[in-house]
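[1] take a look and give me a structure for this.
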Amino acid sequence: MAAAKLWLVSQSAGDLPYLSTAVYALVTVPTERVARMSADVYWRLYVNPLWAVATDVQVLAGEVAHQVWHLLADHAGRALDCGVDAAGRDRWKLATDLTVSEVLPFDVGLPQPRQVYQDPNRSAEEYFRLLRALPVTKSPLGLDPDQTCGSGCDGMARDYDLPPADEQMPGLSTQGAEGIRKMVAIEFREHCREYGNVAGEWGRWVRHILDPVVPWQQVLHAAVRRGVGWGQGQVDYTYSKISRRQHAVGKAIVPALRRPVPAVAVVIDTSGSIDDGLLAQALGEVKAVLASLAVPDSSVTVLAVDAAVHAVQPVRDVREVRLAGGGGTDMGAGITGALACRPAPQTVIVLTDGFTPWPSVPAPVPVIVGVLGRQRDLLPVTPAWVQRVEVVPDA
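    Below is the predicted model:
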């Protein structure tokens, strides 16, 4: 095993130096209960010693690389997300093996994507969906059930798997595995920049590890909370209740400070290019966060705007919103209309596809812009003075 790992990461042989951190983190467990080699989710590599000593070092190295890519890609966790069960385990293994064969620079005996589909560079989930559509009686490529990759591939524990906290061979923690994935992703990306492109699935893997996308709902919630919090931070004086300092000033009446409930204006782009489904989802998220901040419905004013303001309405429910318009787009007119509302809003939220002119002068209150779009859309720029949130759902 030591010779196989060294061959794998040597530039004169396997030429996969970016895998060194991962392969040397593997914990080898010799056991005759596996036919050849498999892995569990704790990065323990179960190896049949009789098979290992009878196998060429290069073949052994290829199998190590095969198993470690399952772990790097977290195929076990993704199997859980896909609802893979015992009946679909073999097809999930084939789906993941198709992606692994694309990233390895040499043949390790795995099926090649073009043997199954003409369009390669798919994700494991896409391959699995296509394979699952095949008749149950048809075994794709004559898959050998003995060639299991273990729970490290499908997340289903085997009877030979060691306990998670085994004293002799505890394996890696979840945090340790994530750290290794990040280190390998950095080195892999640098290797690809130097030597050429990489299959689409693994380019996505690198971006997922190094440039994770925060769900837009979470970003929108944070932006709205900041904007409303800024408004709530304003204070005013009131004589309707006694100041806490009244006892110190004698007969003089001292007003108390109060924190006003912020008024919020929501400008909705109703031009013809807007995706109604995405707009409704974004508006629902805005309403949810306003409710969590105890902003009453009477303090929320919705403006339907295309190239002009068509409707201004306080709403108590999202279903009450009447969307009028369908022409051109000018969110500058919407922001101006929102600032003219009474009571004046302390926060303006704009939901638009972004293809609009903007005011050249910053608004006097926080403006949050939810730019509605789809995956791979080139979203337009917004002014630097707004809080931008890209409302882009997963593909």
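
[2] for stretch 305-319, the averaged confidence score.
    Stretch 305-319 shows a mean pLDDT of 73.

[3] which residues of the stretch 151-300 of the chain fall in helices?
    Here the stretch 151-300 of the chain has its helices, by DSSP state H, counting those that start in this stretch, at 151-154, 174-195, 200-210, 216-232, 276-292.

[4] just the mean pLDDT for the third one, thanks.
    Here the mean pLDDT over helix 200-210 is 79, rounded to a whole number.

[5] residues in contact with that helix: which ones?
    Counting by C-beta atoms under 8 Å, 6 or more residues apart in numbering, the neighbours of helix 200-210 from elsewhere in the structure are 72-73, 99, 102-103, 121-124, 181-182, 185-186, 188-189, 192, 197-198. From N, CA and C alone the C-beta is placed, and that goes for glycine too.

[6] report the buried members of these.
    Among these, those that count as buried by neighbour count (16 or more other C-beta atoms under 10 Å) are 72-73, 99, 102-103, 122-124, 181, 185, 188-189, 192, 198.

[7] ok, back up a step: for W7, which of the helices of the stretch 151-300 of the chain is the nearest?
    helix 174-195 (17.4 Å; C-beta to C-beta).

[8] that closest one versus helix 200-210: what angle between them?
    Counting by axes from the mean of the first three to the mean of the last three C-alpha atoms, to 10 degrees, helix 174-195 lies at 130 degrees to helix 200-210.

[9] output helix 174-195 as CSV, restricted to C-alpha atoms.
    Taking Å, rounded to 0.1, in the frame of the first residue of the first chain, the C-alpha atoms of helix 174-195 are listed here in CSV:
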residue,chain,number,x,y,z
THR,A,174,-16.4,15.0,9.6
GLN,A,175,-14.4,18.2,10.2
GLY,A,176,-11.1,16.4,9.2
ALA,A,177,-12.6,15.1,6.0
GLU,A,178,-13.9,18.6,5.1
GLY,A,179,-10.4,20.1,5.7
ILE,A,180,-8.8,17.5,3.4
ARG,A,181,-11.4,18.1,0.7
LYS,A,182,-10.6,21.8,0.8
MET,A,183,-6.8,21.2,0.6
VAL,A,184,-7.2,18.8,-2.3
ALA,A,185,-9.6,21.2,-4.1
ILE,A,186,-7.0,24.0,-3.9
GLU,A,187,-4.2,21.8,-5.2
PHE,A,188,-6.4,20.2,-7.9
ARG,A,189,-7.5,23.6,-9.2
GLU,A,190,-3.9,24.8,-9.5
HIS,A,191,-3.0,21.5,-11.3
CYS,A,192,-5.9,22.0,-13.8
ARG,A,193,-4.8,25.6,-14.5
GLU,A,194,-1.3,24.4,-15.4
TYR,A,195,-2.2,21.3,-17.3
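
[10] so which elements touch that helix?
    Where contact means 3 or more C-beta pairs under 8 Å, 6 or more residues apart in numbering; DSSP states H and E, helix 174-195 is packed against helix 20-23, helix 57-72, helix 200-210.

[11] change it to 7 Å
    helix 20-23, helix 200-210 (3 or more C-beta pairs under 7 Å, 6 or more residues apart in numbering; DSSP states H and E).

[12] deepest-packed of these, please.
    helix 20-23 (a mean of 20; mean count of other C-beta atoms under 10 Å).

[13] rounded mean pLDDT for it, please.
    94.

[14] same thing with stretch 357-374?
    According to the model, stretch 357-374 has a mean pLDDT of 89.

[15] contacts for it?
    Identification of contacts with stretch 357-374 by C-beta atoms under 7 Å, 6 or more residues apart in numbering yields 220, 223-224, 227, 230, 274-275, 278-279, 282, 330-332, 335, 339, 345-354, 379, 382-383, 385-392.

[16] are any of those residues buried, and which?
    Looks like those have 220, 223-224, 227, 274, 278-279, 282, 330-332, 335, 339, 345-354, 379, 382, 386-392 buried, using 16+ other C-beta under 10 Å.

[17] what about those residues, which are in helices?
    Secondary structure from DSSP state H places 220, 223-224, 227, 278-279, 282, 331-332, 335, 339 of these in helices.

[18] possible to save the helices and strands packed on helix 174-195 as TSV with distance to V266?
    Shown next, in TSV, are the helices and strands packed on helix 174-195 (distance: least, C-beta to C-beta, whole Å):
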stretch	distance to V266
helix 20-23	48
helix 200-210	32
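
[19] can you tell which of these is closest to A79?
    Closest of the helices and strands packed on helix 174-195 to A79 is helix 200-210, at 15.4 Å (criterion: C-beta to C-beta).

[20] quick one: distance of the closest one to the chain centre.
    Relative to its parent chain, helix 200-210 has a centroid offset of 12 Å by C-alpha atoms, centre = their mean, to the nearest Å.

[21] what do you get for stretch 66-83?
    16 Å.

[22] sorry, back to before: for the helices of the stretch 151-300 of the chain, give me JSON lines that also has distance to V29.
    Shown next, in JSON lines, are the helices of the stretch 151-300 of the chain (distance: least, C-beta to C-beta, whole Å):
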{"stretch": "helix 151-154", "distance to V29": "12"}
{"stretch": "helix 174-195", "distance to V29": "17"}
{"stretch": "helix 200-210", "distance to V29": "26"}
{"stretch": "helix 216-232", "distance to V29": "40"}
{"stretch": "helix 276-292", "distance to V29": "47"}
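
[23] by mean pLDDT, show me the worst of the ones you listed.
    Across the helices of the stretch 151-300 of the chain, helix 216-232 gives the lowest mean pLDDT, at a mean of 69.

[24] neighbouring contacts of that helix?
    So helix 216-232 is contacted by 259, 262, 264, 285-286, 289-290, 293, 295, 346-347, 349, 366, 368, 370, 387, 389-392 (C-beta under 7 Å, 6+ apart).

[25] now it against helix 276-292, angle please.
    Helix 216-232 runs at 40 degrees relative to helix 276-292, counting by the same axes, to 10 degrees.

[26] alpha carbons only: can I get helix 216-232 in CSV?
    Presented in CSV, the C-alpha positions along helix 216-232 are these (Å, rounded to 0.1, in the frame of the first residue of the first chain):
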residue,chain,number,x,y,z
TRP,A,216,-30.3,33.3,-1.4
GLN,A,217,-33.1,33.1,1.2
GLN,A,218,-30.5,33.3,3.9
VAL,A,219,-28.8,36.3,2.3
LEU,A,220,-32.1,38.0,1.7
HIS,A,221,-33.2,37.5,5.3
ALA,A,222,-29.9,39.0,6.6
ALA,A,223,-30.2,42.0,4.2
VAL,A,224,-33.8,42.8,5.3
ARG,A,225,-32.9,42.4,9.0
ARG,A,226,-30.0,44.9,8.6
GLY,A,227,-32.2,47.4,6.7
VAL,A,228,-35.1,47.2,9.2
GLY,A,229,-32.7,47.2,12.1
TRP,A,230,-31.3,50.4,10.8
GLY,A,231,-34.8,51.9,10.8
GLN,A,232,-35.6,50.6,14.2
